[in-house]
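Asker: Here is my input; please provide its structure:
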Amino acid sequence: MSSNLDSQVQRNTKGKQLEKDGKILEAMVLYEANIYENFEGSFPYRRLAILYRKKKLWAEEIRVLEKAVFVFDSLIPTERNDVQPKLQDFIMALSKAQVKIPKFK
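Answerer: Below you'll find the predicted structure:
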């Protein structure tokens with residue numbers, strides 16, 4: 001478990017550096033790998049949501065935020081004090097993002 005966490009943290013660190021170097025798509029690939037693995041920290045979800053929003057890829061932003069809500073909701077039973085506030089932030093961001101998608105009837 002810890003080696004997986006170590007590699008996830010390394011991906012976040014590398015992604016952050018890639019963003020600074022202007023290699024946004026490469027950073028996004030690393031963040032996507034982390035959220036695919038249900039990373040239990042907010043960083044890759046926040047960064048991906050922001051990057052997709054900047055590209056006006058609303059459905060992708062919503063997908064990332066929905067995943068964040070799922071992951072942080074599953075962490076509620078843990079002893080972590082940061083889970084509830086982060087979950088509420090992601091729920092709020094998700095509701096804001098959802099109004100950008102036109103509803104088809």
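Asker: buried set for the helix or strand hosting Leu25?
Answerer: Here Leu25 sits within helix 24-36, counting by DSSP states H and E. For helix 24-36, the neighbour count (16 or more other Cβ atoms under 10 Å) marks 27-28, 30-32, 34-35 as buried. Where you see a C-beta, it was placed from the backbone N, CA and C, and this is true even at glycine.
Asker: will you turn these into a markdown table that also has pLDDT and distance to Tyr52?
Answerer: Shown next, in a markdown table, are the buried residues of helix 24-36 (pLDDT from 0 to 100; distance: Cβ to Cβ, whole Å):
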| residue | pLDDT | distance to Tyr52 |
| --- | --- | --- |
| Ala27 | 98 | 12 |
| Met28 | 98 | 8 |
| Leu30 | 98 | 15 |
| Tyr31 | 98 | 10 |
| Glu32 | 98 | 10 |
| Asn34 | 98 | 15 |
| Ile35 | 98 | 12 |
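Asker: would CSV of these with distance to Ala49 be doable?
Answerer: Output for the buried residues of helix 24-36, formatted as CSV (distance: Cβ to Cβ, whole Å):
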residue, distance to Ala49
Ala27, 13
Met28, 11
Leu30, 15
Tyr31, 10
Glu32, 12
Asn34, 13
Ile35, 10
